[in-house]
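> here is my input; please provide its structure:
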Amino acid sequence: MEPLRGGRALPIPESFIEALTERCDIAQEVSRYVSLTKKGANLFGLCPFHNEKTPSFSVSPDKQIYHCFGCGKGGGVINFIMEIENLSYPEAIRFLAERAGMTVPEDGQDQELGQLRKRMYALNRDAARWFHSNLSSPGGAAAAAYLEKRQISRKTAVRFGLGCTLEGWDNLLRAMSGLGYTEDELVRAGLAVSGKKGGAYDKFRDRLMFPVLDIRGQVLGFSGRALKEDQEPKYLNSPETLVFAKRRSLFGINLAKNTKRDSILLVEGNVDVVTLHQAGFDNAVAAMGTALTTEQTRLISRFAHEIVLCYDNDAAGRKATERSLDLLKDSELTVKVLKLPDRVVNGVATKVDADDFIRMNGPEAFEKLLKGSGGGMEYRLLQLAASADLSTDEGRVEYLRAACERIAALSSSVEREVWSRRAAEQAGVSPEAVMRESERMRKRLRSGEKKQYERAASRPAAQAQPQGKSIRYDNIVSARAEETVIRLLLQDPSLSEGCTLPAEEFSSPFLQSLYGEICRRHAEGMSLSVPVLMTGLSEEEAAQLTQILQSQDAPGSAKTALADCLRVIHAESVKRSGDLSAITELMKNKRG
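Now for the predicted structure:
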């Protein structure tokens, strides 16, 4: 089967795909990652693909599909594994086949992609070993001295696979060439950079190297810290590659996943992670210089129910904390903030990170801070109080206005009362005054949300559009009928026998291709299994098909509904054609 519109080709026999998806029940596979509760015919849980507190993620055991009513993602069991495990299509099939005890038939294209990824993992592994070996060489003296200065032991360096690059432009290139890797492979793995005049040179030079591993222990990429004060940037990360995506990766997660602690501790830098693990805090991870992402919070939630934010105590760290709190507000994770104390040197406030604190105060002091971590709202109120002059009336008014805005956004009335009392105590006013003001702001907030919803609801055409930007409907009336035809045919393929309408009359290119494919497969006696059909779809197309299948039709005869929809599609096609005689004939038949 060819891709319908920008989807993937099917390099693996359909018979195998069908056998695999029959053996891999979607409810069973999803429940490995999501806690599901039965409601009617479907199962519901918190979506693993976006943060939410109210379950909108649905799994249909009958249809063998999943769909999130919040973020719009959907598909079959293969789509789910691709998304949750960050795998390509062939890799997801191999992943499921291994679980099911099945052997995947090899195909040239499939084999080539699989070999390319295997080759990249092998190259990263060999590069990591070479970096690590450099620490013991004369050329690694500066990196070894840096580790000693940061009090990082040899044992810890080995545990994290730390290493270093050497001075020069092509040391890694020459070392990996000696192992049989090509210049092109190093460039594609992000370990080398193509020169403007041809050739290539090492991407990482004169740096302390931190290999980034996934939860299965495979080396995805690297983060290199400058060893010279004037070297920029301070941290240099691998670019996005076939195996490495920063938004899905966390430095140290391969070790932190095994922690016995109840939380995952999120810090800013790689050195922070290494120092914390050495000090006994084996739950520390870092986001590698990027803002926390939804994908990273999903990864964290697989191993802990609580996240503790421990960013540096400078302006950038406070800003990162606020961003992370906003991202995590609808997450199922319990969120706490560990606030590192301020440090003043010669009258000047100096930044403190987790690494600094551990080295200056020891693990016991950090453990005390960790146990005293407060929730996100407590942190925000303390920050507001610190930025306002509470000794003046103007300062208290400024603080209370900002505090009430924060409190008003809380969904729980109990939480609003608790934090209203805390803010009132901080500012020296009555709790009733704060509660009244926060409730007034909440009503205004809810009124604005209601108006926004009503404006959206008053635009039915916009509401009918697919969430995927690559799929847009130019004719909503026809597209709605086309969706119903697709749904009816997949529910009862025998209805295809009554479909004489040419696919060209469909208004949506996506639905036109899907309709033509369904009719062709039925005529040739081929499978119309939804998981098999989805293998020819892009991610957005699979999600849209899932949404179509989740919709409910009005009660009545399926044949009658199909005939009605085909008439609508034909009528809209005639209107688009601009053929006056055909339009006149159509109107005459309508009156008849």
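
> V30 and L46 touch, don't they?
No: contact criterion Cβ atoms under 8 Å: V30 and L46 do not qualify, at 11.6 Å. Placement of C-beta: from N, CA and C, glycine included.

> in this structure, which helix or strand is least confident?
Every helix and strand of the chain was ranked by mean pLDDT, DSSP states H and E. The lowest is helix 460-464, at a mean of 53.

> I'd say L328 and S301 touch.
No: counting by Cβ under 8 Å, L328 stays clear of S301, with 10.2 Å between them.

> pLDDT below threshold where in the stretch 201-350 of the chain?
Residue ranges of the stretch 201-350 of the chain with pLDDT under 70: 290.

> should've said the chain
The chain contains residues with pLDDT under 70 at 1-11, 106-111, 113-114, 290, 449-464, 468, 553-556, 578-592.

> helix, strand or coil for the residue most central in space within the chain?
Ranked by distance to the mean C-alpha position of the chain (Cα atoms, centre = their mean), the top residue is E295 at 2.8 Å. Recorded secondary structure, E295: helix (DSSP: H, G, I helix; E, B strand; the rest coil).

> so for it, what's the nearest residue that isn't a sequence neighbour?
Nearest non-adjacent residue to E295, counting by Cβ to Cβ, 6 or more residues apart in numbering: R248, 4.5 Å away.

> give me the neighbour count for the one you found.
Neighbour count for R248, taken as other Cβ atoms under 10 Å: 16.

> ditto for the one 5 residues further on
By other Cβ under 10 Å, 22 other residues sit near I253.

> what separation do you get for it and R298?
Going from I253 to R298 by Cβ to Cβ, to the nearest Å gives 12 Å.

> can you check N134 too?
35 Å.

> can you report phi and psi for the residue lying closest to G195 once chain neighbours are set aside?
Spatial nearest neighbour of G195, excluding adjacent residues (Cβ to Cβ, 6+ apart): Y201 at 6.1 Å. Main-chain dihedrals, Y201, degrees, to the nearest 10: phi -140, psi 160.

> for the helix or strand where E367 lies, name the packing helices and strands.
Element membership of E367, judged by DSSP states H and E, is helix 363-371. Helices and strands touching helix 363-371, by 3 or more Cβ pairs under 8 Å, 6 or more residues apart in numbering; DSSP states H and E, are helix 354-361.

> other SSEs contacting the helix it packs on?
With contacts defined as 3+ Cβ pairs under 8 Å, 6+ apart, helix 354-361 has these neighbours: helix 270-278, helix 363-371.

> can you rerun that using 7 Å?
With contacts taken as 3 or more Cβ pairs under 7 Å, 6 or more residues apart in numbering; DSSP states H and E, helix 354-361 sits against helix 270-278.

> list of residues touching whichever helix or strand comes after the helix it packs on?
Remark: after helix 270-278, the chain's next helix or strand is strand 284-286, criterion DSSP H and E. With contact meaning Cβ atoms under 7 Å, 6 or more residues apart in numbering, strand 284-286 is reached by 250-253, 256, 264-270, 272-273, 276-277.

> at 8 Å what do you get?
250-253, 256, 264-270, 272-273, 276-277, 300, 354 (Cβ atoms under 8 Å, 6 or more residues apart in numbering).

> cool, stretch 219-235 as well?
For stretch 219-235, contacts defined as Cβ under 8 Å, 6+ apart pick out 121, 124-125, 127-128, 131, 142-143, 146, 164-165, 190-191, 204, 206-214, 236-238, 241, 243-244, 249, 251, 269-271, 288-289.

> which of the residues you listed count as buried?
Neighbour-count burial (16 or more other Cβ atoms under 10 Å) applied to those gives 121, 124-125, 127-128, 131, 143, 146, 164-165, 190-191, 204, 206-214, 236-238, 241, 243-244, 249, 251, 269-271, 288-289.

> the closest residue to I407 other than its chain neighbours: what's it in contact with?
Distances taken as Cβ to Cβ, 6+ apart place S438 nearest to I407, at 4.2 Å, with adjacent residues excluded. Counting by Cβ under 8 Å, 6+ apart, S438 touches 404, 407-408, 416, 420.

> so S470 sits right up against A542, yeah?
No: when contacts are counted by Cβ under 8 Å, S470 is not listed as touching A542 (11.7 Å).

> what about I17, distance to A542?
Distance from I17 to A542, by Cβ to Cβ: 14 Å.

> nope, S494 is what I was after
From S494 across to A542, the span is 24 Å (Cβ to Cβ).

> who's more crowded, those two?
Shown here are S494 and A542; by other Cβ under 10 Å, A542 has more neighbours (26 against 10).

> quick one, phi/psi of the residue nearest to the more buried one when sequence neighbours are not counted?
With sequence-adjacent residues excluded and distances taken as Cβ to Cβ, 6+ apart, A542 is closest to G75, at 4.0 Å. Dihedral angles of G75 (phi, psi; degrees, to the nearest 10) stand at phi 150, psi -160.

> same check, this time on V348
Torsion angles, degrees, to the nearest 10, at V348: phi -120, psi 130.

> how many other residues sit next to it?
By the criterion of other Cβ under 10 Å, V348 has 7 neighbours.

> check C24 too.
Neighbourhood size, C24 [other Cβ under 10 Å]: 23.

> any idea how far it lies from W419?
C24 sits 46 Å away from W419, taking Cβ to Cβ as the criterion.

> for the helix or strand containing V485, packing partners?
Under the criterion of DSSP H and E, V485 resides in helix 476-491. Other helices and strands packing on helix 476-491, by 3+ Cβ pairs under 8 Å, 6+ apart, are helix 460-464, helix 509-523, helix 539-550, helix 558-577.

> what is the burial count for the residue nearest to A542?
25.

> look up how far Q552 lies from it.
Relative to Q552, G75 is positioned 20 Å away (Cβ to Cβ).

> same thing with G163?
Distance, G163 to Q552, by Cβ to Cβ: 58 Å.

> so for these two, which residue has more residues nearby?
G163 (26 against 6).

> ok, that one - contacts?
Residues in contact with G163 (Cβ under 8 Å, 6+ apart) are 128, 130-135, 140, 143, 208-209, 211.

> secondary structure class for L390?
At L390 the chain is in coil, as set by three-state DSSP.

> once you drop chain neighbours, what's closest to it?
Nearest non-adjacent residue to L390, counting by Cβ to Cβ, 6+ apart: R396, 5.6 Å away.

> can you confirm the one you found is in a helix?
Yes: judged by three-state DSSP, R396 forms part of a helix.

> Q218 and S249, how far apart?
Plainly put, Q218 is 11 Å away from S249 if you go by Cβ to Cβ.
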